[in-house]
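>>> next come a sequence and a model predicted from it.
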Amino acid sequence: MEDTLEKFFPPPPKAKCPQELQEKFIKFIIDLESTAGRRFNQNLRKRKEFRNPNFLQQVVASQKIDEIGSCFGKSVFDVLHI
C-alpha cells in the first residue's frame with residue numbers, strides 16, 4: 001500500500017516556508033490553543049461564512065461534485081465496490 005500512496009503524494013518540499021506563511025501558521029496554532037476547552041467545529045459553524053445551511057449542497061450541485069467519489073483512481077480505490 002505504501003508504494004501505491006507514493007504515486008499520489010508529492011515529495012516533501014525542499015524550499016523553506018516563507019516567513020509570512022509561517023507567521024500565519026503560528027497565529028493559527030496560538031488561536032487554536034487559546035480556545036482550549038471549546039470545540040473547533042462549533043466555533044467554525046458560528047462564523048458568518050458558514051451560516052448558509054444550503055451552501056454545501058449548492059456547491060456540490062453547481063460544481064457537479066461526486067459526493068461519494070475519491071481522489072484515487074478506480075484501479076487503486078473504487079468506493080462503489082467496497
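That came in fine, so what should we check first?

>>> ok, F55 to S62 distance?
11 Å (Cβ to Cβ, to the nearest Å). Backbone N, C-alpha and C define where each C-beta goes, glycine included.

>>> what packs against whichever helix in the chain runs longest?
Taking DSSP state H as the criterion, the chain has its longest helix at helix 19-34. Of the remaining helices and strands, none touches helix 19-34 by 3 or more Cβ pairs under 8 Å, 6 or more residues apart in numbering; DSSP states H and E.

>>> re earlier: who's more crowded, F55 and S62?
Neighbour tally, F55 and S62, criterion other Cβ atoms under 10 Å: the higher count belongs to F55, 11 against 8.

>>> kindly export stretch 20-33 (C-alpha atoms) in PDB.
Presented in PDB, the C-alpha positions along stretch 20-33 are these (Å, rounded to 0.1, in the frame of the first residue of the first chain):
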ATOM      1  CA  GLU A  20       4.700  35.400   6.100                       C
ATOM      2  CA  LEU A  21       3.100  31.900   5.700                       C
ATOM      3  CA  GLN A  22       5.000  30.600   8.800                       C
ATOM      4  CA  GLU A  23       3.600  33.500  10.800                       C
ATOM      5  CA  LYS A  24       0.000  32.700   9.700                       C
ATOM      6  CA  PHE A  25       0.500  29.100  10.900                       C
ATOM      7  CA  ILE A  26       1.900  30.200  14.200                       C
ATOM      8  CA  LYS A  27      -1.000  32.600  14.700                       C
ATOM      9  CA  PHE A  28      -3.500  29.900  13.800                       C
ATOM     10  CA  ILE A  29      -1.900  27.500  16.300                       C
ATOM     11  CA  ILE A  30      -1.800  30.100  19.100                       C
ATOM     12  CA  ASP A  31      -5.500  31.000  18.400                       C
ATOM     13  CA  LEU A  32      -6.400  27.300  18.400                       C
ATOM     14  CA  GLU A  33      -4.600  26.700  21.700                       C
END
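
>>> no further queries at this time; thank you.
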